[in-house]
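A.B. asks: can't give you the sequence, but here's the structure:
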């Protein structure tokens, strides 16, 4: 497979490494200082807090070719408009693996709706300078699958082909028939979580403030209630159905867990704030339209 990986952050780099090591023709698109670092050292990886850093020489480019079998996009929500403009004349199906609550229509309007697939990268890590630190693998994390779906929910030959290609490369992927609802549900949860963590100064600090966690839960419930479809996965319905006295302690435990502490929730960057702002706008848009 000739593959363009658009976005050389944590998720894009990890994905590019796995596909490159599986023998695919991978090009990792990067810009600025990240491009310079990748050309000099390759993708640098470390597990957890390990001092051992590996280097993988994934091919890196600054400008794309004209045609690919698949283009995977790993950028923040507020960066998508610029990506769409740059991909308008590049041939190939485009799999958007990112936070997105605006539906597939806006994506298809820019590059052609027949090219669009939706997904989400469930595994990530953090940037330590130019080194990507990814969480240690365990039984639970190995079972978490990366959802991918067609905008209309069909199980098409191209979706089956992509899922199988990823699985063969060691990436646990699955076809998700309600990918748009999945992304909207995730945003309904992610936006209050990210904003509350940022305001508190980190996930552990938020966990130590029960009142702030209750306020976060209230916003999550409001977002879920405003959705036009049931939440996906269905487990998120528990955020509305179960008593607050059960959910708040569970959220506090999650905020102190290694997955939360070692995730992008600890990112205080302006880019994170800009993404949350754009997702908030997307969540509010359906309500405004009604």
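C.D. replies: Alright, I've got the coordinates. Just so you know, these numbers come straight off a predicted model, no measurement behind them. Numbering: from 1, shown residues only.

A.B. asks: now the stretch 51-200 of the chain, which segments are flagged as low pLDDT?
C.D. replies: Residues of the stretch 51-200 of the chain meeting the criterion pLDDT under 70: 138-142.

A.B. asks: all helices for it, in order.
C.D. replies: Along the stretch 51-200 of the chain, the segments classed as helices by DSSP state H, counting those that start in this stretch run 80-87, 105-111, 139-143, 157-168, 179-200.

A.B. asks: for those helices, which one ends up most surrounded?
C.D. replies: Greatest average neighbour count among the helices of the stretch 51-200 of the chain goes to helix 179-200 (a mean of 22), per mean count of other CB atoms under 10 Å. C-beta here means a position set from N, CA and C on the backbone, and glycine is covered the same way.

A.B. asks: and that helix, what does it pack against?
C.D. replies: Contact partners of helix 179-200 among helices and strands, from 3 or more CB pairs under 8 Å, 6 or more residues apart in numbering; DSSP states H and E: strand 116-119, strand 146-149, helix 203-207, helix 210-225, helix 270-289.

A.B. asks: of the helices of the stretch 51-200 of the chain, which is nearest residue 241?
C.D. replies: helix 179-200 (14.3 Å; CB to CB).

A.B. asks: to the chain's geometric centre, what's the distance from the closest one?
C.D. replies: 11 Å (CA atoms, centre = their mean, to the nearest Å).

A.B. asks: tell me who's in contact with residue 267.
C.D. replies: Residues in contact with residue 267 (CB atoms under 8 Å, 6 or more residues apart in numbering) are residue 126.

A.B. asks: 10 Å - rerun?
C.D. replies: 10, 126, 127, 194, 197, 198, 273, 275 (CB atoms under 10 Å, 6 or more residues apart in numbering).

A.B. asks: check residue 204 too.
C.D. replies: Shown in contact with residue 204 (CB under 10 Å, 6+ apart): 197, 252, 255, 256, 257, 260, 261, 266.

A.B. asks: now those residues: which count as buried?
C.D. replies: Listed as buried from the contacts of residue 204 are 197, 252, 255, 260, 261, 266; burial here means 16 or more other CB atoms under 10 Å.

A.B. asks: quick one: which of these sit in helices?
C.D. replies: In helices, judged by DSSP state H, the following of these are found: 197, 252, 255, 260, 261.

A.B. asks: test my guess that residue 237 contacts residue 231.
C.D. replies: Yes - taking CB atoms under 10 Å as the definition, residue 237 is a contact partner of residue 231 at 5.3 Å.

A.B. asks: tell me the confidence at the closest residue in space to residue 57 that isn't next to it in sequence?
C.D. replies: Sequence neighbours aside, residue 42 is the residue nearest to residue 57 in space, at 4.2 Å (criterion: CB to CB, 6 or more residues apart in numbering). pLDDT for residue 42: 97.

A.B. asks: OK, contacts around residue 42?
C.D. replies: Counting by CB under 10 Å, 6+ apart, residue 42 makes contact with 13, 17, 20, 28, 54, 55, 56, 57, 58, 59, 60, 130.

A.B. asks: give the helix, strand or coil label for the residue nearest to residue 221 when sequence neighbours are not counted.
C.D. replies: Spatial nearest neighbour of residue 221, excluding adjacent residues (CB to CB, 6+ apart): residue 240 at 5.3 Å. The three-state label given to residue 240 by DSSP: H, G, I helix; E, B strand; the rest coil is helix.

A.B. asks: what sits against residue 240?
C.D. replies: Here residue 240 is in contact with 217, 220, 221, 222, 224, 225, 231, 247 (CB under 10 Å, 6+ apart).

A.B. asks: how about a cut-off of 7 Å?
C.D. replies: Counting by CB atoms under 7 Å, 6 or more residues apart in numbering, residue 240 makes contact with 221, 224, 225.

A.B. asks: quick revisit: dump the contacts of residue 204 to TSV, plus distance to residue 84.
C.D. replies: Shown next, in TSV, are these (distance: CB to CB, whole Å):
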residue	distance to residue 84
197	29
252	39
255	34
256	38
257	36
260	32
261	34
266	29
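
A.B. asks: closest one of the residues you listed to residue 34?
C.D. replies: Using CB to CB, residue 266 is the member of the contacts of residue 204 that sits closest to residue 34, with 19.6 Å.

A.B. asks: how about the residue nearest to that closest one when sequence neighbours are not counted, phi and psi?
C.D. replies: The shortest distance from residue 266 to any non-neighbouring residue, by CB to CB, 6+ apart, is to residue 202 (5.8 Å). Main-chain torsions, residue 202, degrees, to the nearest 10: phi 140, psi 160.
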